[in-house]
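>>> let's see this in three dimensions:
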Amino acid sequence: MSSVPTSHTDSPGIRGTILIVDDTPNNLRLLSSMLTKQGYEVRSAISGSVALMAVRTVPLDLILLDINMPKMNGYEVCQQLKADEQTRDIPVIFLSALGEPLDKVQAFQVGGVDYITKPFQVEEVLARVENHLMLRRMQIELQQAKADALRALAQEQELNRLKSEFVAMISHDFRTPLTSIQGFAELLHYGGDTLTTEMQERYFDKINAAVEHMLYLLDEVLMIGRIESGTTQCQPVPLDLEQFCREIYESLELSAHHQYKIQFSYTGDCKQVNIDQVLLNRILTNLLSNAIKYSPEHSQIDFNVYCDTRNAVFEIKDEGIGIPLENQQQLFKTFYRCNNVGQIKGTGLGLAVVKRCVDAHQGQIQLESQEGVGTTVRVQLPIEMNNAVYELQNVT
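Numbering: from 1, shown residues only. The predicted model follows:
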């Protein structure tokens, strides 16, 4: 989308910036004096080539352009102005002693908006200048309104997409654990004494797992809701970073049942850092869980932490399915999932949450991935943060 042009007519005390192009010094002085007295900011150019250089250095609201000039006449100057995207919208009023109808027709054909015949009347020039500046302001306001409407439409379309994806996620991802809970509850209810203690414990474990999964989904959805409303906060507290990361690694390794070769390394001398423990846990847990989810069993997952006096860098590297190049620009959108995930279950919330948490920490996230080879994600967070609350404002 092209940018909306700006105008100097909104500047305090300035009615507009006008460029006068004429090879006659007396005409330049007369017009410049006349317009300056009316509150306009006036620039002058003695030739067409000088005018074309001037338009690139000073934002203009209107150009008064003579036709009969040596080397490059006014028609040629106007054609070049209209061929340039940067200057094509600046209104051009021709000034000329040529009064034939064909001269005026040619002026309009090359892009002029008006034509004043010399010798001119002061009142006529001022009236035409003011009229076209008013039209220019209206044009800019209309273009701005159009740009605002298009942004609002894009936001509404994104909101509708989020609502649709949310409803689909709720209907699918909540239905599965609810069905599981219902099924095992019925088995326990109707099984009665026929169920062994071992079978009952297994069913209760299945129910608990389904409940935990639902709570996790609900927590992710609520987190997204807080992010989208702009109320996610980062509250840094002193933290033993190595111990914190090691505990996440050990918990993950235990839950993975040694089905993956998870390697942890910590490099650096910083011990106590100021980081939001809750958000950091969410960042690392989501990234490591993704590495496991999208990697084949017995593959290696590296969890490396580098720390210096200013930043902590967390690197998670896997040997999984990788991310198609065409999907990588969309990864951090809410509910977005890649086109190569197949039957692997997921909500499309994890990386969206990670990105917002990193932003709340005033950090950075980078991703390198090759489909069929694996993915490396690096998160860099500043560790010398004040204990003040950093509030994340939602950017859509």
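>>> do a quick rundown of the helices in the stretch 101-250 of the chain.
Ranges of helices in the stretch 101-250 of the chain, per DSSP state H, counting those that start in this stretch, are 101-109, 122-169, 175-191, 197-228, 241-255.
>>> report the distance from the last one to the chain centre.
Averaging C-alpha positions (Cα atoms, centre = their mean, to the nearest Å) puts helix 241-255 33 Å from its chain's average.
>>> quick one on the thing from earlier: which stretch among the helices of the stretch 101-250 of the chain comes nearest E371?
For E371, the closest of those is helix 122-169, at 23.5 Å, according to Cβ to Cβ. For glycine as for every other residue, the C-beta is placed from the backbone atoms N, C-alpha and C.
>>> pLDDT of that closest one, averaged?
The pLDDT scores in helix 122-169 average 82.
>>> switch to numbering from 46
Okay, residue one is now 46; in that scheme the one you just asked about reads as helix 167-214.
>>> what is that helix packed up against?
helix 70-82, strand 107-111, strand 137-141, strand 159-162, helix 242-273 (3 or more Cβ pairs under 8 Å, 6 or more residues apart in numbering; DSSP states H and E).
>>> so what secondary structure elements neighbour the last one?
Counting contacts by 3+ Cβ pairs under 8 Å, 6+ apart, the secondary-structure elements packed against helix 242-273 are helix 167-214, helix 220-236, helix 395-405.
>>> again, 6 Å this time
helix 220-236 (3 or more Cβ pairs under 6 Å, 6 or more residues apart in numbering; DSSP states H and E).
>>> tell me what angle the helix it packs on forms with helix 242-273.
Here the directions of helix 220-236 and helix 242-273 differ by 150 degrees (axes from the mean of the first three to the mean of the last three Cα atoms, to 10 degrees).
>>> mind listing what's buried along helix 220-236?
222, 225-226, 229 (16 or more other Cβ atoms under 10 Å).
>>> same check on stretch 242-254?
248, 251-252.
>>> tell me the secondary structure for N384?
Following DSSP: H, G, I helix; E, B strand; the rest coil, the label given to N384 is coil.
>>> which residue, other than its chain neighbours, is closest to L370?
E416 (7.5 Å; Cβ to Cβ, 6 or more residues apart in numbering).
>>> does the one you found touch G367 like I think?
Yes - contact status for E416 versus G367: in contact at 4.0 Å, counting by Cβ atoms under 6 Å.
>>> for the stretch 46-195 of the chain, which spans come out with low pLDDT?
46-59 (pLDDT under 70).
>>> what do you get if the cut-off is 50, keeping everything else the same?
Residue ranges of the stretch 46-195 of the chain with pLDDT under 50: 46-47, 57.
>>> the stretch 246-395 of the chain too?
Using pLDDT under 50, nothing in the stretch 246-395 of the chain is flagged.
>>> looking at E416 and G367, which one has more neighbours?
G367 (20 against 16; other Cβ atoms under 10 Å).
>>> can you tell me the SS state at that one?
coil.
>>> touching, it and V418? I think so.
Yes - here G367 lies in contact with V418, judged by Cβ under 6 Å, at a distance of 5.3 Å.
>>> list residues touching both of these two?
Common contacts of G367 and V418 (Cβ atoms under 6 Å, 6 or more residues apart in numbering): none found.
>>> A strand includes V87, no?
Yes - checked against three-state DSSP, V87 lies within a strand.
>>> how much space between it and L80?
5 Å (Cβ to Cβ, to the nearest Å).
>>> neighbour count: these two, which is higher?
L80 (22 against 18).
>>> would you mind checking which of the buried residues of helix 220-236 is nearest to A405?
Once Cβ to Cβ is applied, the member of the buried residues of helix 220-236 that ends up nearest A405 is P222, at 29.1 Å.
>>> just give me the neighbour total for the nearest residue to the closest one once chain neighbours are set aside.
Among residues not flanking P222 along the chain, A255 sits closest, at 3.7 Å (Cβ to Cβ, 6+ apart). Other residues near A255 come to 19 when the count uses other Cβ under 10 Å.
>>> that older thread, which one of the buried residues of helix 220-236 sits closest to K338?
Among those, and counting by Cβ to Cβ, the member closest to K338 is P222, at 16.7 Å.
>>> hang on, that closest one packs against N253?
No - in this structure P222 lies outside contact range of N253 using Cβ under 6 Å: 10.7 Å.
>>> between these two, what contacts are shared?
Between them, P222 and N253 share no contacting residue, judged by Cβ under 6 Å, 6+ apart.
>>> return the list of strands paired to the helix or strand containing F348, each annotated with direction.
Following DSSP states H and E, one finds F348 within strand 345-352. According to DSSP bridges, strand 345-352 forms sheet pairs with strand 306-312 (parallel), strand 356-362 (antiparallel).
>>> out of those strands, deepest packed?
strand 356-362 (a mean of 20; mean count of other Cβ atoms under 10 Å).
>>> give me the contact list for it.
332-333, 336, 347-351, 421-428.
>>> pull the CA atoms of it into CSV?
The C-alpha coordinates for strand 356-362 follow below in CSV (Å, rounded to 0.1, in the frame of the first residue of the first chain):
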residue,chain,number,x,y,z
ASN,A,356,22.0,-10.7,27.9
ALA,A,357,20.9,-14.3,28.3
VAL,A,358,20.6,-16.4,25.1
PHE,A,359,18.5,-19.6,25.1
GLU,A,360,18.9,-21.9,22.1
ILE,A,361,16.8,-24.9,21.4
LYS,A,362,17.8,-27.1,18.5
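>>> any idea of the angle it forms with helix 395-405?
Counting by the same axes, to 10 degrees, strand 356-362 lies at 170 degrees to helix 395-405.
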